[in-house]
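Peer 1: Build me a model:
(4 chains)
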Protein chains: 2
Amino acid sequence: MDTLESRELRYFVAVAEELHFGRAAERLGMAQPPLSRAIQQLERRLGVRLLERNRRGVALTGAGETLLHEGRAALDATTAAARRTRRAGGADGSGRPRNRLVLAVKAASSHELLQKLLDAYAAEPGAAEVEVLPSGTCEQGEMLRDGRADVALMHAPFNSLAGFDGEELMTEGQIAVLPAGHPLAARATLTLAEVGAVPGLPLARWSRDGAYPPGPGPEIHDQRQLAQLIALGRTAAVFPESARAWLWAEHAAVPLSDAPPVVTHIAWPAHSRSLALAELVRTATRL
Amino acid sequence: MDTLESRELRYFVAVAEELHFGRAAERLGMAQPPLSRAIQQLERRLGVRLLERNRRGVALTGAGETLLHEGRAALDATTAAARRTRRAGGADGSGRPRNRLVLAVKAASSHELLQKLLDAYAAEPGAAEVEVLPSGTCEQGEMLRDGRADVALMHAPFNSLAGFDGEELMTEGQIAVLPAGHPLAARATLTLAEVGAVPGLPLARWSRDGAYPPGPGPEIHDQRQLAQLIALGRTAAVFPESARAWLWAEHAAVPLSDAPPVVTHIAWPAHSRSLALAELVRTATRL
DNA sequence: GCCCTGTCATACCCGGTGGGTATCACCGAG
DNA sequence: CTCGGTGATACCCACCGGGTATGACAGGGC
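Peer 2: Numbers count the residues shown, from 1 in each chain, chains lettered A, B, ... in the order given. The predicted structure follows:
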């Protein structure tokens, strides 16, 4: 009943993701035989079959599936422990153990709220240094989980808040951003269905960790590029209302009547006990 | 930047909890020198001072505090991975990988809701086997975290739901349970202040992991014992309304006007993906 | 049917390291 | 000053994690 070593978890996760011992071993920077042996030992120690070695490759058993999920979570927690400890120790070489918070924000999100928050917090006496970490489309959750960030601004329903503690900061509607001259731009409100089905104006597709959802619209990885394409009349997009701040003259914004409201939260790992974090949250809720 | 081994975390947590290398080593079943060396290696690898070795004992640095918190969480996640994997593999010796859910419930909580839930779920086609795990006063959270349980009935505001996903099931007021003949028992409602300040009738104190909060009331670890003491006119207690189900003739229940309502949730680890769990939750919310 | 290829498992060896014992250095209490 | 108790150091050994070479086995092409 001795507890799993994180090395074993790393090995198993690699194999379970690759479903191939050779590739997994390569990814781990080791040879295949010791990896095979390690997985066998793991299976023996757990008393459970994790992989189905069929002819030609490997498949996960039910137990393997759970170990993959749970093991990833455990590994995230472990690397989070290491990262946060390094940060708390001020391992920046400067010597002084500086109190620093890492705040993950969606790159494209509203600067207005963020600016207000940072200003208000910096004005607090004894405020910690806040490092703003821009994150990809929806990976704030991962960053909190694996310790790259201590706290995040997240946007329901896009980010899942499950597993985090949080406070609601702001609620806003959503708008369709269209080329200024487009017939629909004259409307007072639109519905999601209307925007999604405009002939000749397919909705843009954002990359989500490298891959794009299928669809006819152009592939977008940059807000400038999207703005340009909309201005040129090639695409349309749906945004929270705060996006109005960066619209061009060539853009038109029309409120969506049936889009779910976007709720901005400040969120943090539920077990956090940092004083600086509590102070930042208090500041945020008072805005 | 290699990731921490859980062995190192175990060692550090032991030392951080004992604040004494010798005792920690004993607890870990090893000798003291290798433990000292392991902690030194850990500090070197993290590039951070974790412990302040003063004359006479050891103290945690700031980084040490964070590693203690985060390390505990990581270790919990690791043992949870092991336990859930074992369970998913049906390592019960029977061979068949049985689908089983472990449901943690406060021992003293209402049987009514639980009974309905179990009956309703058992009637579902393809329902998994549900093992009901009685848990101490407030440790359902720990049980979810370290994998002893998959899902729990929790009672806000007593249990913290932080870090879990959950659905609200039931809300109820609280009542004061008094000896039947007591003058206050005739009142239509009471306030917390009134119940807390009755001369000669101190509120009972429940044990919380072995220790009791300070106060004049008797120390309670068993609901029967409490019922007896109330019946004897020696103490009083505050309970959710569902406690009426087990009151004796010698008891009187008076609603509390200012006590916060007790909300029963069904809660589970946020990253859970189990189908059986989803089914149980769906059943619960439909009650 | 053949062999070849790709896969994971086995056999065997070696070096690093985790752990043990003995001991030291230090400090506070008496 | 000595003594008890702390954590650190020195040194040694055995275990095991990792490497290389090879085997077993199943499909697929011919």
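Peer 1: Mind telling me which residue of the stretch 151-287 of chain A is nearest DNA strand D?
Peer 2: Per CB to the nearest atom of the strand, residue A:273 is where the stretch 151-287 of chain A lies closest to DNA strand D, at 24.3 Å. All C-beta atoms are positioned from the backbone trio N, CA, C, and that covers glycine.
Peer 1: and the gap between the closest residue to that residue other than its chain neighbours and residue A:270?
Peer 2: Spatial nearest neighbour of residue A:273, excluding adjacent residues (CB to CB, 6 or more residues apart in numbering or on different chains): residue B:69 at 5.9 Å. Using CB to CB, to the nearest Å, residue B:69 is found at 12 Å from residue A:270.
Peer 1: if I look at those two, which residues touch both of them?
Peer 2: Common contacts of residue B:69 and residue A:270 (CB atoms under 8 Å, 6 or more residues apart in numbering or on different chains): none found.
Peer 1: the domain parsing of chain A - what is it?
Peer 2: A:6-88, A:100-170+A:263-285, A:174-255 (automatic domain parsing).
Peer 1: can you redo those as JSON lines with mean neighbour count and mean pLDDT?
Peer 2: JSON lines is the format used below for the domains of chain A (neighbours: other CB atoms under 10 Å in any protein chain shown; pLDDT from 0 to 100):
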{"stretch": "domain A:6-88", "mean neighbour count": "19", "mean pLDDT": "93"}
{"stretch": "domain A:100-170+A:263-285", "mean neighbour count": "18", "mean pLDDT": "91"}
{"stretch": "domain A:174-255", "mean neighbour count": "16", "mean pLDDT": "87"}
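Peer 1: got JSON lines for those domains, with distance to residue B:246 too?
Peer 2: Formatted as JSON lines, the domains of chain A follow (distance: least, CB to CB, whole Å):
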{"stretch": "domain A:6-88", "distance to residue B:246": "37"}
{"stretch": "domain A:100-170+A:263-285", "distance to residue B:246": "33"}
{"stretch": "domain A:174-255", "distance to residue B:246": "51"}
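Peer 1: how about the ones you listed, which one is nearest residue B:146?
Peer 2: domain A:6-88 (10.9 Å; CB to CB).
Peer 1: now the end-to-end length of that closest one.
Peer 2: 22 Å (CA to CA, to the nearest Å).
Peer 1: Quick one: the helices in chain A, in order.
Peer 2: With DSSP state H as the criterion, chain A has helices at A:6-18, A:21-28, A:32-46, A:62-88, A:111-123, A:140-145, A:192-196, A:223-231, A:275-285.
Peer 1: Just send those helices back as JSON lines, with distance to residue A:102 too.
Peer 2: Compiled in JSON lines, these are given as follows (distance: least, CB to CB, whole Å):
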{"stretch": "helix A:6-18", "distance to residue A:102": "23"}
{"stretch": "helix A:21-28", "distance to residue A:102": "27"}
{"stretch": "helix A:32-46", "distance to residue A:102": "33"}
{"stretch": "helix A:62-88", "distance to residue A:102": "7"}
{"stretch": "helix A:111-123", "distance to residue A:102": "13"}
{"stretch": "helix A:140-145", "distance to residue A:102": "8"}
{"stretch": "helix A:192-196", "distance to residue A:102": "35"}
{"stretch": "helix A:223-231", "distance to residue A:102": "22"}
{"stretch": "helix A:275-285", "distance to residue A:102": "10"}
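Peer 1: Residue A:204 is nearest to which of these?
Peer 2: Between the helices of chain A, helix A:223-231 lies closest to residue A:204; by CB to CB that is 5.6 Å.
Peer 1: what does the closest one contact?
Peer 2: By CB under 8 Å, 6+ apart, helix A:223-231 touches A:107-108, A:177-180, A:204, A:218, A:220, A:235-237, A:246-248, A:250-251.
Peer 1: switch to 10 Å and redo it
Peer 2: A:107-108, A:177-180, A:182, A:201, A:204, A:206, A:217-220, A:222, A:234-237, A:239, A:243, A:246-252 (CB atoms under 10 Å, 6 or more residues apart in numbering or on different chains).
Peer 1: Where do the strands of the stretch 151-287 of chain A begin and end?
Peer 2: A:151-156, A:164-172, A:174-179, A:205-206, A:219-220, A:237-240, A:251-255, A:262-269 (DSSP state E, counting those that start in this stretch).
Peer 1: so what strands line up beside the third one?
Peer 2: Paired neighbours of strand A:174-179 in the sheet (DSSP bridges): strand A:237-240 (antiparallel), strand A:251-255 (antiparallel).
Peer 1: For these, could you give me a markdown table that also reports distance to residue B:39?
Peer 2: Below are the strands paired with strand A:174-179 laid out as a markdown table (distance: least, CB to CB, whole Å):
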| stretch | distance to residue B:39 |
| --- | --- |
| strand A:237-240 | 48 |
| strand A:251-255 | 58 |
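Peer 1: Out of these, which gets nearest to residue A:157?
Peer 2: strand A:237-240 (11.3 Å).
Peer 1: From the chain's centre, how far out is that closest one? Work that out for me.
Peer 2: 18 Å (CA atoms, centre = their mean, to the nearest Å).
Peer 1: who touches that strand?
Peer 2: A:108-110, A:155, A:158, A:170-178, A:190, A:192, A:195-196, A:203-206, A:217, A:220, A:223, A:226-227, A:229-230, A:243, A:246-247, A:251, A:253, A:256, A:259, A:261-264.
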